[in-house]
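*Asks:* What shape does this take:
(2 chains)
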Number of protein chains: 2
Amino acid sequence: MKRTVLIMAGGKGERFWPRSRVSMPKQFLSLTGDGRTMIQLTVERILPLVEMEDIYIATNEAYRELVRQQLPKVPEHNILCEPAGRNTAPCIGLAAVHMAARNEDAVMIVLPSDHLVKDNDAFLETFKEACEIAEHENSLVTVGITPNYPETGYGYIKYNRDKKFKSGYEVERFVEKPELEKAKAYLAEGSYLWNSGMFVWKVSTILKCFREFMPSTCEGLIKIKAAIGTKQEDEVLKREFLQLESQSVDYGIMEKAGNIYILPGNFGWDDVGSWLAVGRIRENDGDGNVIQGNVVAVGTKNCVIEGAQKLIAAVGLEDIIIVDTKDATLIAAKESAGEIKQVLARLRETDRTQYL
Amino acid sequence: MKRTVLIMAGGKGERFWPRSRVSMPKQFLSLTGDGRTMIQLTVERILPLVEMEDIYIATNEAYRELVRQQLPKVPEHNILCEPAGRNTAPCIGLAAVHMAARNEDAVMIVLPSDHLVKDNDAFLETFKEACEIAEHENSLVTVGITPNYPETGYGYIKYNRDKKFKSGYEVERFVEKPELEKAKAYLAEGSYLWNSGMFVWKVSTILKCFREFMPSTCEGLIKIKAAIGTKQEDEVLKREFLQLESQSVDYGIMEKAGNIYILPGNFGWDDVGSWLAVGRIRENDGDGNVIQGNVVAVGTKNCVIEGAQKLIAAVGLEDIIIVDTKDATLIAAKESAGEIKQVLARLRETDRTQYL
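*Replies:* Numbering: from 1, shown residues only, chains lettered A, B, ... in the order given. Predicted coordinates:
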């Protein structure tokens, strides 16, 4: 079986400001404290299953250089730069036609570039099996995360526990981000998993789905595919891609298709959604603090402190996030981590775009 | 009546770190937000009562240049540099012999360099009267602050409400910093004032007191006085001053002397003892925040934020002090403001003295 991987790395996440910037989004940051960036960890994690030459990175022109620097072994022509963000369906379609140009029978693994996994072996086992299901059944496969609390920020996927193939279950339906009460009910019910945005299918299978469920997108993709390797490649890509409907693969394909399997992923997954996650992921100092850099902390508990050059002195703090960078310092209550985007809005309003 | 002033400016306060440093203590900082430093405000405040040439600044060699820069009109020979810190008694004695060398009959006002006063007119009225009492009675006069809460960080002075001369009362006794219960009792009793460290006496009176209560200090002072204006002045000062007993004027003289008057000071006094005071003194933004500099605050209440060059983004904070400087940023809970000195201790232990 030929396996290929698409790593989606076009995101412009604002939640890790001021470390993340428009010019340096989360997937290119090291947040675990070991020096490797999120996208580097993602490549290393999946590498036992694929050849380096079969790893594709979807991003945009602004981040091409970052991808080159951080992943020098990924072949240049595997860095796919979308002319504009069009959500996940066109992104996946673009990668699929590139993969199909080389091998239509390959199995395609789709991964976000900015998630973390604790147990890489379990992760690989799950994806190996997902690939087998995708190949044998010509099905769409997704890997869901077994929920351990009623998160309202994720979508859920309901599966049929009586219809199983290997470790995969047939998917019954996709559920949008629920209210808390519904999320609790899903957990109690036991046959719901978090939608992690990780997929596995044969290249030919997903292209068939585009033809069936997103026909106009499919037309554009066919034109893009025909131009691959020609002088017109860039020009055609730009013209056709910009006309594609902005759509998620969940809504555009998964919610409409049948024959979908889901595998429960139990490999210590974390989407590292905000600075709060850093407090969870990294080892703390016994007082619940995760501290690095030039920091002196006195009487301080459960804080995340990312120092840079400047000395940061923390005194008597609790549940506070401090992130220092060259030109900006964030100090936020943990419970207000979600409001960091208001800072960015304020900076835009007051024309201080150099900090974005 | 000839009035002279001694402004004591040798302190190395650590409580305003990181704005205050060993090389830049509190009295040389602007903390009110109007650009003038504490010592500049002190001079301006007393100036209606004295000539500029009769203002003496006691400090040490390390701060001579700061005094020169901030108070260019104070005559050079009125800047008295103590060879080492010996507490307030030797400091006052040194100034007294310098003043006596010009006019032994002058009245001497002693002021800290780092306190604030809201009502300057009331302040001047009080000190004018204090000077009259000091002159007519040859007494030691102190100005006490009418307490409005049971502060345990100040000394108290008990006066006799039946023995009055003008607005001054005879002092019964000096009381060390009390426990909270005692402080409450003092407030209830009504004839206790806070010891503010502000004094008024004739130069001849205080020198007599040195002779009587601190005779060995007096001997040293006499030698220093004899050398004033000679080539040996610096050498004698250094030799004699270093031998003086380190002692506060409160303990060395005031607690032993009779004929002490106290005037209640009701002029909006604040000793600006910590960053907390800055939150009290400056106008707030309606959410209780006192913010200046390059700051974006979102959902933030009752905070003191002193920005510098770098952008400071505060999100969801309450009762936090943030002070940014070129090389260090302090983030402290208001209730832990007193623990800033632990940061300095830690910096000393870890040999990061560049931040002190």
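*Asks:* Now for the closest residue in space to A:Asp119 that isn't next to it in sequence, which secondary structure element holds it?
*Replies:* Nearest residue to A:Asp119, sequence neighbours excluded (Cβ to Cβ, 6 or more residues apart in numbering or on different chains): A:Phe267, at 4.3 Å. Heads up, the C-betas are built off the backbone N, CA and C, glycines and all. Following DSSP states H and E, there is no helix or strand that holds A:Phe267.
*Asks:* was I right about A:Phe267 contacting A:His115?
*Replies:* No - using Cβ atoms under 8 Å, A:Phe267 makes no contact with A:His115, being 10.5 Å away.
*Asks:* Tell me which helix or strand in chain A has the weakest average pLDDT.
*Replies:* Every helix and strand in chain A was compared by mean pLDDT, DSSP states H and E; the lowest is helix A:275-281, with a mean of 90.
*Asks:* in that one, what counts as buried?
*Replies:* Within helix A:275-281, the residues that count as buried by 16 or more other Cβ atoms under 10 Å in any protein chain shown are A:275-279, A:281.
*Asks:* What is the burial count for A:Thr32?
*Replies:* Applying other Cβ atoms under 10 Å in any protein chain shown, we find 16 residues neighbouring A:Thr32.
*Asks:* What residues does it make contact with?
*Replies:* By Cβ atoms under 8 Å, 6 or more residues apart in numbering or on different chains, the contact set of A:Thr32 is A:41, A:116, A:281-282.
*Asks:* Closest to chain B out of those residues?
*Replies:* Nearest to chain B, judged by Cβ to the nearest Cβ, of the contacts of A:Thr32 is A:Arg282 at 19.5 Å.
*Asks:* and that closest one, what does it touch?
*Replies:* Applying Cβ under 8 Å, 6+ apart to A:Arg282 gives the contacts A:32-33, A:290.
*Asks:* Report pLDDT for it.
*Replies:* A:Arg282 is assigned a predicted lDDT (pLDDT) of 91.
*Asks:* Which phi and psi values does the residue nearest the centre of chain A adopt?
*Replies:* Most central in chain A under Cα atoms, centre = their mean is A:Pro112, positioned 2.4 Å from the mean C-alpha point. A:Pro112 adopts backbone torsions of phi -70, psi 160, taken as degrees, to the nearest 10.
*Asks:* thinking it is in contact with A:Met8, fair?
*Replies:* Yes - A:Pro112 lies in contact with A:Met8 (Cβ under 8 Å); the separation is 5.6 Å.
*Asks:* and the gap between the closest residue in space to A:Arg161 that isn't next to it in sequence and chain B?
*Replies:* Leaving aside its sequence neighbours, A:Arg161 sits nearest to A:Ser191 (Cβ to Cβ, 6+ apart; 5.0 Å). Using Cβ to the nearest Cβ, to the nearest Å, A:Ser191 is found at 37 Å from chain B.
*Asks:* likewise A:Gly197?
*Replies:* Taking Cβ to the nearest Cβ, one finds A:Gly197 at 27 Å from chain B.
*Asks:* which SS class is that residue?
*Replies:* Following DSSP: H, G, I helix; E, B strand; the rest coil, we place A:Gly197 in the strand state.
*Asks:* What residues does it make contact with?
*Replies:* A:88, A:110, A:112, A:250 are the contacts of A:Gly197 under Cβ under 8 Å, 6+ apart.
*Asks:* one more time with 7 Å
*Replies:* Neighbour list for A:Gly197: A:Pro112 [criterion: Cβ atoms under 7 Å, 6 or more residues apart in numbering or on different chains].
*Asks:* and if you look at A:Asp114?
*Replies:* Per Cβ under 7 Å, 6+ apart, neighbours of A:Asp114: A:11, A:26-27, A:38, A:272.
*Asks:* Let me know the secondary structure of it.
*Replies:* When classified by three-state DSSP, A:Asp114 comes out as coil.
*Asks:* Give the closest residue to A:Leu116 in space, chain neighbours not counted.
*Replies:* A:Asp270 (4.5 Å).
*Asks:* quick one: the one you found and A:Leu276, what's the gap?
*Replies:* Applying Cβ to Cβ, to the nearest Å, the value for A:Asp270 to A:Leu276 is 10 Å.
*Asks:* Tell me where the stretch 201-350 of chain A has strands.
*Replies:* Using DSSP state E, counting those that start in this stretch, the strands of the stretch 201-350 of chain A run over A:260-265, A:269-270, A:290-292, A:295-298, A:304-306, A:311-315, A:320-324, A:328-333.
*Asks:* Of all those, which one is nearest A:Asn60?
*Replies:* For the strands of the stretch 201-350 of chain A, the distance to A:Asn60 is smallest for strand A:328-333, at 24.0 Å, taking Cβ to Cβ.
*Asks:* Next, the contact list for the closest residue to chain B within the stretch 51-200 of chain A, please.
*Replies:* Nearest residue of the stretch 51-200 of chain A to chain B (Cβ to the nearest Cβ) works out as A:Gly153 at 17.9 Å. If a contact means Cβ under 7 Å, 6+ apart, then A:Gly153 has A:Lys177 as its contacts.
*Asks:* now it: how far from B:Asn148?
*Replies:* Distance of A:Gly153 to B:Asn148, given as Cβ to Cβ: 50 Å.
*Asks:* what residues does the stretch 251-356 of chain A put near chain B?
*Replies:* For the stretch 251-356 of chain A, the residues in contact with chain B (Cβ under 7 Å from any Cβ of the partner chain) are A:296, A:298-299, A:310-317, A:322, A:324, A:327-333, A:335-336, A:339-340, A:342-343, A:346-347, A:355.
*Asks:* Now that we have those, which of them are buried?
*Replies:* Buried subset of these (neighbour count, 16+ other Cβ under 10 Å): A:296, A:298, A:310-317, A:322, A:324, A:328-333, A:336, A:340, A:342-343, A:347, A:355.
*Asks:* Output the longest helix belonging to chain A.
*Replies:* Taking DSSP state H as the criterion, chain A has its longest helix at helix A:120-137.
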